[in-house]
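Asks: Sequence and computational prediction follow.
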Amino acid sequence: GQQVMQIPQYQHVQEGEDFTTYCNSSTTLSNIQWYKQRPGGHPVFLIQLVKSGEVKKQKRLTFQFGEAKKNSSLHITATQTTDVGTYFCAGVSGSARQLTFGSGTQLTVLP
Amino acid sequence: DSGVTQTPKHLITATGQRVTLRCSPRSGDLSVYWYQQSLDQGLQFLIQYYNGEERAKGNILERFSAQQFPDLHSELNLSSLELGDSALYFCASRPGTSTDTQYFGPGTRLTVL
């Protein structure tokens, strides 16, 4: 079945540093979504990427979808303590339209 | 607030017992998904319902079952509980078929002692 690998599993950064998490799928995706889960919270939808090579920005967050639609990345510029949480990618493929979640990257921002 | 509600928020029970988790999707959403999240783990898809019918199954144990009722709320039944079933259980709903975005409820934290 489809697998989505995400790295790194953990990342500690100093406030103001940049952060990047990467996702790779074993199959070509219809689209990829990114979710954020704050400590003690539930996953919250951030964005969806659909087109090959697509790049989308939300303030300090930049999301990319690979040309082959099998990989994606999330880059945060100048992290803040409010960025703390676990970032999940979730790929969609096939007719079932299921979300297959990556294992997540837990981001800690040190003040 | 995603608009998805889950009850109870916390549940503590003993091994061998049976529990029922409840989920009400966002108004108008026909699809309901159940996920299990163990400590420091990702989200494992369990099962999906669409308008009352089972649509897809993930890594759901035979001891677990679910259903979606005519009013679209869903229940996840966990039986013969084991220590390893302790986890956060999330319900998510999806608005229609034109989008794959899912909206998650606050979750039910199950502790099996």
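Replies: Cool, got the structure.

Asks: What separation is there between the residue nearest the centre of chain B and B:Gly3?
Replies: Among the residues of chain B, the one closest to the centroid is B:Trp34, at 3.3 Å (CA atoms, centre = their mean). Relative to B:Gly3, B:Trp34 is positioned 17 Å away (CB to CB, to the nearest Å). Backbone N, C-alpha and C define where each C-beta goes, glycine included.

Asks: can you give me the strands in the chain?
Replies: By default, I'm working from chain A. A:4-7, A:10-14, A:19-25, A:31-37, A:44-49, A:55-58, A:61-65, A:71-76, A:85-93, A:98-101, A:105-110 (DSSP state E).

Asks: not what I meant, chain B
Replies: B:5-7, B:10-13, B:19-24, B:31-37, B:44-50, B:53-57, B:64-68, B:74-78, B:87-94, B:103-104, B:108-112.

Asks: so which of those gets nearest chain A?
Replies: strand B:103-104 (4.3 Å; CB to the nearest CB).

Asks: Note down every partner strand of that closest one and its orientation.
Replies: Looking at strand B:103-104 with DSSP bridges, its partner strands are strand B:87-94 (antiparallel).

Asks: residues in contact with the strand it pairs with?
Replies: Contacts of strand B:87-94 with the rest of the structure, by CB atoms under 8 Å, 6 or more residues apart in numbering or on different chains, involve A:42-43, B:3-4, B:6, B:21, B:23, B:25-26, B:29-39, B:41, B:43, B:74, B:76, B:100-105, B:107-110.

Asks: Check the average confidence over that strand, would you?
Replies: Across strand B:87-94, pLDDT averages out at 96.

Asks: Likewise for stretch A:69-82?
Replies: 97.

Asks: picking that back up, now that the residue nearest to the centre of chain B has come up, it's in contact with B:Leu76, right?
Replies: Yes. The pair B:Trp34 / B:Leu76 is scored as a contact, 5.1 Å apart, by CB atoms under 8 Å.
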